[in-house]
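Student: next input, structure requested:
(chains A, B, C and D, ligands or ions: 2)
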Amino acid sequence: MRIERKLRQLRERREGALMPHVYYGDPTPEFSFELVRTLAASGADLLEVGVPFSDPIADGPVFTAACERALSRGIKPRMCIAAIERLRSEGIDLPVVVTAYYNIVYNWGVVRFCADLQAAGADGIIVPDLPVEESEELLEAAKDRDLDLIFQVAPTTSESRIDKVLRKASGFVYVINVEGVTGPRGDIVPSTLQLISRVRERTSLPLLAGFGVSSADHARLLVANGADGVVVGSAIAEIYSKNLRNPHSTLERIRSFVSELKAACVQGMRERKRI
Amino acid sequence: MRIERKLRQLRERREGALMPHVYYGDPTPEFSFELVRTLAASGADLLEVGVPFSDPIADGPVFTAACERALSRGIKPRMCIAAIERLRSEGIDLPVVVTAYYNIVYNWGVVRFCADLQAAGADGIIVPDLPVEESEELLEAAKDRDLDLIFQVAPTTSESRIDKVLRKASGFVYVINVEGVTGPRGDIVPSTLQLISRVRERTSLPLLAGFGVSSADHARLLVANGADGVVVGSAIAEIYSKNLRNPHSTLERIRSFVSELKAACVQGMRERKRI
Amino acid sequence: MRGRYGRFGGRYVSEVLIHVLEELEEAFERIYPTPEFQQEFHHLLRTYAGRPTPLYYARRLSERTGLKIYLKREDLVTGGSHKLNNSLGQALLAKRMGKRRIITETAAGQHGLSAAMAGNVVGLEVEIFMGVKDMERQASNVKRMRLLGAKVTPVTTGTGVLKDAVSDTLREWAKTSRTTHYLMGSAVGPAPFPEIVATFQSVIGEELRRQILEFEGRLPDAIVACGSGGSNAIGAFRPFLSDSDVRLYFIEGGGESLDADNSAAAFVLGRPGVLHGALMQIMQDEDGQIKPSKTRAAGLNYPGRGPEISYLCETGRVKPGYAFDREVFEAVKTTAECEGLIPALETAHAIAYVLNHPEEFDRGELVVINFSGRGDKDLDAIMRYFYED
Amino acid sequence: MRGRYGRFGGRYVSEVLIHVLEELEEAFERIYPTPEFQQEFHHLLRTYAGRPTPLYYARRLSERTGLKIYLKREDLVTGGSHKLNNSLGQALLAKRMGKRRIITETAAGQHGLSAAMAGNVVGLEVEIFMGVKDMERQASNVKRMRLLGAKVTPVTTGTGVLKDAVSDTLREWAKTSRTTHYLMGSAVGPAPFPEIVATFQSVIGEELRRQILEFEGRLPDAIVACGSGGSNAIGAFRPFLSDSDVRLYFIEGGGESLDADNSAAAFVLGRPGVLHGALMQIMQDEDGQIKPSKTRAAGLNYPGRGPEISYLCETGRVKPGYAFDREVFEAVKTTAECEGLIPALETAHAIAYVLNHPEEFDRGELVVINFSGRGDKDLDAIMRYFYED
Ligand SMILES: Cc1ncc(COP(=O)(O)O)c(C=O)c1O
Ligand SMILES: Cc1ncc(COP(=O)(O)O)c(C=O)c1O
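Tutor: Ligands and ions are numbered 1, 2, ... in the order given. As a prediction, this is how the structure comes out:
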């Protein structure tokens, strides 16, 4: 509920939304906390907290490496959930979406997983390898706990399938920008913008566009073309990955990058009428 | 003719015959001449002069190495024949048997080969890979030139086959002592002695026993058991092979070895009545 | 439900791949039964792959064990293993779907090799993802693949083994699925792969059934196959699933020992979970992180068991077993000396199980071992084991 | 005359060996035609060796040459070459003759391997003589033979290659012929070997004839085979000798070039002579000393041509040809890329000849290449040629 409310508020304020995506524990838990604080302070409207997984098949090299680093530090799924609790206790009240590959969820037990997420203060769940056909059990458990199970659509998703996804969607629809995996990319391709309109025509649910968003310009373009906001992940991880010895020293750059992104989201919304 | 005459003379003198076998040109032509002179002077009754061949399949390691050494010095078949001519001119008048693998003979041309051998003063031919069935052409050419084509019998030769061989044999019958190839060996096995009697019963042609004769004792035993004499090859080559840098220095040992062999041949004949 | 074997199977992938999986399922169901496809597939199986493969009565192994042992000779398939049955089928399918490129992953190199062969015969570009560690261990197969003109791409993620190569291939496929077919190498992955692979490999069991009836006039008492994903096992087992008198054994890699991280025995050490698009038996830690498997047989070095094998073992229709590395090497030697055949290390698991589990077999029983591949690729490892230790 | 092919052939050996050759001839003539022998031999060919081998229509090689090319897939025989056809036959014969041991020589290692396999299956001790140089060049086959439990004895005489190994094996046989069978590896040697080997290998041509009639309804325009001794060629040609419309090509090793001592092209550079017990086409110097042959293909590195091939080339029934080493390596690559198959270097001679002699073949002609073996044994040499020069 909190997610959709927040996104509708932003829409009313004519602001594009920004949801940074971080893998918790990369390279250390302490850094993740500082990173989240930085993001919250520099323009993030929602937060996507990833649970590191050994085989993140929907992720590209940047996030795959992030998972490997976190796991080699001994990060466990329950630490990620505990971290959300701590963020809440520190007063960070942005809507939080937890991303976990399905084996983590399945292993945890879907019902218990949702209960624990709710208790920690999370608002939604993304399972990158759980298409709508396989989602029944989790969807039910999530609903029971007032959590949004976020579904994705991709450039390869057919019209009829978009409808099928929309029938189950809540919170927002995650528009996968590219055919591929997460990771920074050069340009936003026309098919991405077409996909946004194709979904837009069919739903009033908020749309966040993710995968490959790596610049303020990307963000602006996506929002200008109908997205309610963007998800930015690898592009942020890429910044601190370049200085893993002292990732804290990169927070300033991340702060300004995120501010730019947020500004671009706002700008994109302004440009929208012109298009 | 000269071969059989010589062997019958020796038989009448109640002497076992000794036929040393040397591969010409090993390790040098000069050494071969000195070796032959030494042999002639220390008891040899006949001489077997081998033409080195690249693939001497009836020979063991000692003679195979001898062939390789001679060939690597550039020894050619016609040099071997020329050497016989030279021996004759030096006054060495022992009967000489030339041993050549069949490809040498075939390549030379059987008719021309026999003519050239006769002209050089040779008396017989041994072709270790020419059994009686394949010998027709060469046999005819040899007869035309008064050369004995020497045939072999082996422990594996059946009675009926011995008869077949004997029908073509002249000069002497070469009794192969062992199942195998040339080369020094430990003992004379009973089957060898049986073979000598088996052939003996069927022919009055002289019998020379060869392959593996490596000591005076071997020679004595063979002659005592019915052979008219022995062929000794690898055992001699083995002596000079041990000092290839200076083979001449081994001639003294060879001389005394050959004298012993000859004495044993004589002794063997004496023992014969006792058996 | 389609794509499920009991609770196992399914299609747990990114939305990006759903489209191509649906396309593949549709194409398979439409194209596979057509006489044209059947004719071309079976013609290639016969004239290119060398099918039917013989069923060989292993007299001296039989004498040694007191059993009647037959070997189903998949080592005689072109390339040296059963893998080509599936690769030819999928390559033909991909061609008819209008794809122009094949990607796949490989561990022992046998599957990669078969994919490269099939790609060349059918006329498709081939790229093969292979863990850096496996590239070292199976260097000769890397050479073969390259000589065939295939691109071999080293995988450095994870621990550089099969599991990581599968992940990277799935990632590559997500990027290129419109033009590219992922030629899945075993009976794993999201639906419809397990069913497609099992279907193409069933030729093994169909031949086996005909042959044993011809030679013995009856069905075997037991069929024994090695496996990880389980394609050769499923291929051999399928036509016998409803013959409850035929015992089926699935032998996985015991590795060095069952403790710590020295094994690939997922049926002993694992539990159900989701990996690479399907719910199946998996080696994983308490949190659901996938555990790296370990065995000297690269082709068994995968922490998951295909959904159908997972299901059949859960229901008890198939009995899982394992063989330790040292038993496997001994089995190679025994087979070489008795029958003149050098089995792949993978295959030798099945043989080792039969040699070392007399309690499972009654005297004189008719036992068929699926001889899934030849050991040429493992020659150096085998020689090192026997002559350098 | 028995044992002769025109003027070629015969039995030029030491008297010591005559007995066993007569014994062998008698045994072969007595045992070979019996139903028991035929049944056992053909059963092993089918279930152990993997016969019949396919006749494969090589679509992409055909497109490239404008011919209709079929490959007779002897590479699919267990062990990877046609050699096992003969080894199984002789091993069975030896067993029935009461021998307890097999000796033989090998160059590429393919024949030695097949002899070791056959020995194990039939239950005979095996010793293999191999030139030290060949042992180095074909190290992996040495490993295989040893793993099979065969004794591999290095031959250091001569230049340490095939010719020397044959000589040493003949010497060993002279010592042990009562208990031991010399399992001659090609259609060479004293009578009755050429006839025995040709008879056992004729299964190739018999199958080929049936298969081409099935697929094409007619006989081929040409059959092309590589060879030195000529066993795979004779095996393929025999059933077509009286079909004068079927052109037969025998391709030998051209080596690096035809001059100096860089070749194995005996039909170009040799003349008749006697080697290893038979009169045949031989590379020799002016004195009749045998010349060492030279080619990168160990299995063609023999200075003699079997008596029957010598005869057939003399009469013009078979046309001899050759391929140079560099053409051979290119042919390997072409075959790998077009058909996914890596031929043995020996086999690649036949392919190279077809690729590089368009003047010999009319457009659209039906050409069968006897694909005598697979190139796994040559993988390192091939990779070195392409990637290290
Ligand atoms: C010879 C051989 N056998 C068995 C296997 C295991 O594969 P699967 O479980 O799919 O049969 C492999 C895999 O590479 C293999 O190469
Ligand atoms: C694959 C292959 N082809 C051909 C040959 C040549 O033998 P042959 O002339 O007897 O056919 C060999 C010999 O080793 C071989 O291994």
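Student: and residue 33, what element?
Tutor: Looking at chain A here, since you left the chain open. Taking DSSP states H and E as the definition, A:Phe33 sits inside helix A:29-41.
Student: equivalent analysis for A:Asp146, please.
Tutor: Going by DSSP H and E, A:Asp146 is not in any helix or strand.
Student: quick check: A:Glu34 touching A:Thr250?
Tutor: No. Counting by Cβ atoms under 8 Å, A:Glu34 does not reach A:Thr250; the two are 10.5 Å apart. Placement of C-beta: from N, CA and C, glycine included.
Student: more crowded one of the two?
Tutor: More crowded of A:Glu34 and A:Thr250, by other Cβ atoms under 10 Å in any protein chain shown: A:Thr250, with 21 against 15.
Student: now the closest residue to the more buried one other than its chain neighbours: how far from chain D?
Tutor: Excluding the flanking residues, the one nearest A:Thr250 by Cβ to Cβ, 6 or more residues apart in numbering or on different chains is A:Tyr240, at 4.5 Å. Going from A:Tyr240 to chain D by Cβ to the nearest Cβ, to the nearest Å gives 41 Å.
Student: tell me which element A:Tyr240 is part of?
Tutor: Element membership for A:Tyr240 (DSSP H and E) is helix A:234-241.
Student: list the helices and strands that helix packs on?
Tutor: strand A:17-23, helix A:29-41, helix A:61-72, helix A:251-272 (3 or more Cβ pairs under 8 Å, 6 or more residues apart in numbering or on different chains; DSSP states H and E).
Student: could you single out the most deeply buried of those?
Tutor: strand A:17-23 (a mean of 27; mean count of other Cβ atoms under 10 Å in any protein chain shown).
Student: what's the span of stretch A:149-162, first residue to last?
Tutor: 16 Å (Cα to Cα, to the nearest Å).
Student: meant to ask about stretch A:196-212
Tutor: For stretch A:196-212, the separation between the terminal residues is 15 Å (Cα to Cα).
Student: repeat that for stretch A:109-129.
Tutor: Stretch A:109-129: ends 16 Å apart by Cα to Cα.
Student: tell me which residues in it are buried?
Tutor: The neighbour-count check on stretch A:109-129 (16 or more other Cβ atoms under 10 Å in any protein chain shown) flags A:110, A:113-114, A:116-117, A:120-129 as buried.
Student: show me those that map onto helices.
Tutor: Assigned to helices by DSSP state H, the following of the buried residues of stretch A:109-129 qualify: A:Val110, A:Phe113, A:Cys114, A:Asp116, A:Leu117, A:Ala120.
Student: need those residues in JSON lines with distance to C:Ser263 and pLDDT, can you?
Tutor: Formatted as JSON lines, those follow (distance: Cβ to Cβ, whole Å; pLDDT from 0 to 100):
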{"residue": "A:Val110", "distance to C:Ser263": "29", "pLDDT": "98"}
{"residue": "A:Phe113", "distance to C:Ser263": "29", "pLDDT": "98"}
{"residue": "A:Cys114", "distance to C:Ser263": "34", "pLDDT": "98"}
{"residue": "A:Asp116", "distance to C:Ser263": "32", "pLDDT": "98"}
{"residue": "A:Leu117", "distance to C:Ser263": "34", "pLDDT": "98"}
{"residue": "A:Ala120", "distance to C:Ser263": "36", "pLDDT": "98"}
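Student: and which of those is nearest A:Leu138?
Tutor: If you rank these by distance to A:Leu138 using Cβ to Cβ, A:Val110 comes first, at 4.8 Å.
Student: got a list of what that closest one touches?
Tutor: A:Glu137, A:Leu138, A:Ala141 (Cβ atoms under 8 Å, 6 or more residues apart in numbering or on different chains).
Student: and the gap between it and A:Arg145?
Tutor: According to Cβ to Cβ, to the nearest Å, A:Val110 stands 10 Å off from A:Arg145.
Student: stretch A:41-59 and chain C in contact?
Tutor: Yes. Stretch A:41-59 lies within reach of chain C by Cβ under 8 Å from any Cβ of the partner chain, at A:Phe53, A:Ser54, A:Asp55, A:Pro56, A:Ile57, A:Ala58, A:Asp59.
Student: residues near the second one, how many?
Tutor: What it means is A:Ser54. Neighbours of A:Ser54 (other Cβ under 10 Å): 26.
Student: let me see the contact set for it.
Tutor: Contacts of A:Ser54 by Cβ under 8 Å, 6+ apart are A:Cys67, A:Leu71, C:Gly158, C:Gln289, C:Ile290.
Student: and it, that's in a strand?
Tutor: No. Applying DSSP: H, G, I helix; E, B strand; the rest coil, one finds A:Ser54 to be coil, outside a strand.
Student: wait, A:Glu260 touches A:Ala216, no?
Tutor: Yes. Under the criterion of Cβ under 8 Å, A:Glu260 makes contact with A:Ala216 at 4.3 Å.
Student: pull the helix or strand with minimum mean pLDDT from chain A.
Tutor: Lowest by mean pLDDT, DSSP states H and E among the helices and strands of chain A is helix A:190-200, with a mean of 93.
Student: ok so, going back, mind putting the contacts of A:Val110 into TSV with secondary structure?
Tutor: Shown next, in TSV, are the contacts of A:Val110 (three-state DSSP):
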residue	secondary structure
A:Glu137	helix
A:Leu138	helix
A:Ala141	helix
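Student: buried subset of these?
Tutor: A:Leu138, A:Ala141.
Student: of the contacts of A:Val110, which is the nearest to C:Ala116?
Tutor: Using Cβ to Cβ, the contacts of A:Val110 come closest to C:Ala116 at A:Leu138, 39.9 Å.
Student: what residues does chain C have near ligand 1?
Tutor: C:81, C:107-108, C:110-111, C:186, C:226-233, C:299-300, C:344, C:346-347, C:372-373 (Cβ under 6 Å from any ligand atom).
Student: among those residues, which lie within strands?
Tutor: C:Cys226 (DSSP state E).
Student: from the residues of chain C next to ligand 1, which are also near chain A?
Tutor: Okay, of those, nothing touches chain A (Cβ under 8 Å from any Cβ).
Student: report the separation between the one residue in the stretch 1-150 of chain A that gets nearest to chain C and A:Lys76.
Tutor: Distance from chain C to each residue of the stretch 1-150 of chain A (Cβ to the nearest Cβ) is smallest for A:Asn107, at 3.0 Å. Distance of A:Asn107 to A:Lys76, computed by Cβ to Cβ: 11 Å.
Student: got any residues that touch both of those two?
Tutor: Common neighbours of A:Asn107 and A:Lys76 (Cβ under 8 Å, 6+ apart) are C:Asp287.
Student: between those two, which has more neighbouring residues?
Tutor: The neighbour count for A:Asn107 versus A:Lys76, taken as other Cβ under 10 Å, is higher for A:Asn107 (22 against 18).
Student: can you pull the contacts of that one?
Tutor: C:Gly273, C:Gln284, C:Asp287, C:Gly288.
Student: narrow these to those in strands?
Tutor: Those of the contacts of A:Asn107 lying in strands (DSSP E): C:Gly273.
Student: PyMOL command for the buried members of the contacts of A:Asn107?
Tutor: Applied in PyMOL, the following selects the buried portion of these according to 16+ other Cβ under 10 Å:
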select buried, chain C and resi 273+284+287+288
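Student: thinking again about what came up before, would you format the helices and strands packed on helix A:234-241 as JSON lines with mean pLDDT and distance to chain B included?
Tutor: Formatted as JSON lines, these follow (pLDDT from 0 to 100; distance: least, Cβ to the nearest Cβ, whole Å):
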{"stretch": "strand A:17-23", "mean pLDDT": "98", "distance to chain B": "73"}
{"stretch": "helix A:29-41", "mean pLDDT": "97", "distance to chain B": "77"}
{"stretch": "helix A:61-72", "mean pLDDT": "96", "distance to chain B": "64"}
{"stretch": "helix A:251-272", "mean pLDDT": "96", "distance to chain B": "78"}
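Student: between these, which gets nearest to D:Asp168?
Tutor: Among the helices and strands packed on helix A:234-241, helix A:61-72 comes nearest to D:Asp168, with 58.9 Å by Cβ to Cβ.
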